[in-house]
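Visitor: I would like the atomic coordinates for the input below:
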Amino acid sequence: MGKKCKRKKNKDCECICHSKKKKRSRKCPRKKLICIHRCVPINQKCDDVTTQTYFCASSDSNIKNPSGTITIINTSNSCAMQVTITKLSNDHEDIDVAPNSSFTAIVANLKSVKILCKSQSNNDIYCTGSMELDIHYTLMF
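Guide: Down below sits the predicted model:
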């Protein structure tokens with residue numbers, strides 16, 4: 001005889017599982033697939049020091065497995081961007097985006113996106129551009 005689960009109508013999901021040996025109840029997590037598309041402007045000092053975080057999903061958050069595409073567009077004339085993409089496994093990759101260029105990547109299990117602007121001359125005080133994020137993730141509640 002298999003297990004039989006019933007869901008209550010209230011917000012708390014309670015599964016009541018029946019088996020031959022004994023009855024037990026346990027809380028069931030509720031999940032929802034979230035799809036987001038964001039375009040975030042980049043405007044930070046081009047000083048080789050200041051790192052700014054543009055996306056972060058901490059390990060204790062309700063966001064699980066953020067995956068999709070990320071595009072970094074650098075509209076600066078002489079300021080390069082060093083983009084650090086970190087996965088939930090703490091593996092990370094540094095990508096350099098040259099002035100007046102862009103970079104697109106497909107990412108899975110995204111943890112964070114950070115940008116450091118590096119000056120190639122004294123012409124740019126600020127690094128400008130945008131980050132386009134098109135991701136899907138599971139929200140646990």
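Visitor: from here on, just use CA atoms for contacts and neighbour counts.
Guide: OK.
Visitor: gap between stretch 68-87 and the chain center?
Guide: How far stretch 68-87 lies from its chain's middle: 14 Å, per CA atoms, centre = their mean, to the nearest Å.
Visitor: now stretch 101-112
Guide: On the basis of CA atoms, centre = their mean, stretch 101-112 sits 9 Å off its chain's mean C-alpha point.
Visitor: likewise for stretch 64-72?
Guide: Using CA atoms, centre = their mean, the offset of stretch 64-72 from its chain centre is 6 Å.
Visitor: host element of Ile70?
Guide: According to DSSP states H and E, Ile70 maps onto strand 63-74.
Visitor: packing partners of that strand?
Guide: When contacts are defined as 3 or more CA pairs under 8 Å, 6 or more residues apart in numbering; DSSP states H and E, strand 63-74 packs onto strand 92-97, strand 101-107, strand 110-119, strand 126-140.
Visitor: swap the cut-off to 6 Å and go again
Guide: Packing contacts for strand 63-74, counted by 3 or more CA pairs under 6 Å, 6 or more residues apart in numbering; DSSP states H and E, involve strand 101-107, strand 126-140.
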